[in-house]
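Colleague: Next comes the sequence, and after it the predicted model I'd like to discuss.
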Amino acid sequence: MNKQSGVSGVILAGGLARRMHKQDKGLVPFNNKAMITYAIQAITPVVDELFINANRNIEQYQQLNYPVISDVNDDFAGPLAGVYAALNACRHDVLLVIPCDSPFITAKGLQALLNEREHCQADIAVAFDGERIHPVFMAIKSALKKSLQDYLAQGERKIDRWFEQHHWIKVDLSANPEFFSNINTLEQLADLATQER
């Protein structure tokens, strides 16, 4: 893996997880490990600094020994609010964003996202599974902070609508479909844990 220098990373763990009875997904155990630990393992080889975006159970996330940042507002405004919080904190030109609930993420796939963004000189690179984009897997230029601030200030929340304002690309990761297996319900958690055995 040719790691780029100057990459910040954020793991999004700030949602309410309504479909999971409002459990804190990053802390839910998957095969006896908190789900966020899989995200940490995947992202740390490819970034120079890492943040965890969380809006509750802050002390538990702090025990993972990475800076924990919360959304600017406390209205659980969705993934873009977590991205904006990370853009306010990051020191590097590129921010890599991933969710906390996809235990099969790989460093190789994340590196591909970073490499393709750099190769195309795109503002944003978004993971694509061959059929649809997965916007919470993205690499973005930190210089987009003002654009995102303005977008959120207008009351907007939709990620893809914000993408359209910029030069963005899809990165085809369909060769590794398990990369996108995310856990939104307790049923999915049980199913994936069974498959892993």
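Modeller: All right, it came through fine.

Colleague: Just the pLDDT for the residue positioned nearest the centre of the chain.
Modeller: Residue closest to the average C-alpha location in the chain (CA atoms, centre = their mean): residue 98, at 1.8 Å. At residue 98, the model reports a pLDDT of 96.

Colleague: repeat for residue 181
Modeller: pLDDT, residue 181: 74.

Colleague: thought it was touching residue 103?
Modeller: Yes: Residue 181 lies in contact with residue 103 (CB atoms under 8 Å); the separation is 7.4 Å. Placement of C-beta: from N, CA and C, glycine included.

Colleague: can you list the weak-confidence ranges in the protein?
Modeller: The model of the chain has pLDDT under 70 over residues 1-5, 15-23, 74-77, 183-197.

Colleague: And the residue nearest to residue 43 when sequence neighbours are not counted, its phi and psi?
Modeller: The shortest distance from residue 43 to any non-neighbouring residue, by CB to CB, 6 or more residues apart in numbering, is to residue 9 (4.8 Å). When read as degrees, to the nearest 10, the backbone of residue 9 gives phi -130, psi 150.

Colleague: dump the residue contacts of residue 9.
Modeller: Listed by CB atoms under 8 Å, 6 or more residues apart in numbering, the contact set of residue 9 reads 43, 44, 46, 47, 49, 50, 51, 95, 96, 97, 98.

Colleague: So what sits opposite it in the bridge?
Modeller: Beta-bridge partners recorded for residue 9 (DSSP bridges): residue 50, residue 96.

Colleague: Ok, residue 138 next?
Modeller: Applying DSSP bridges to residue 138 gives these bridge partners: residue 97, residue 126.
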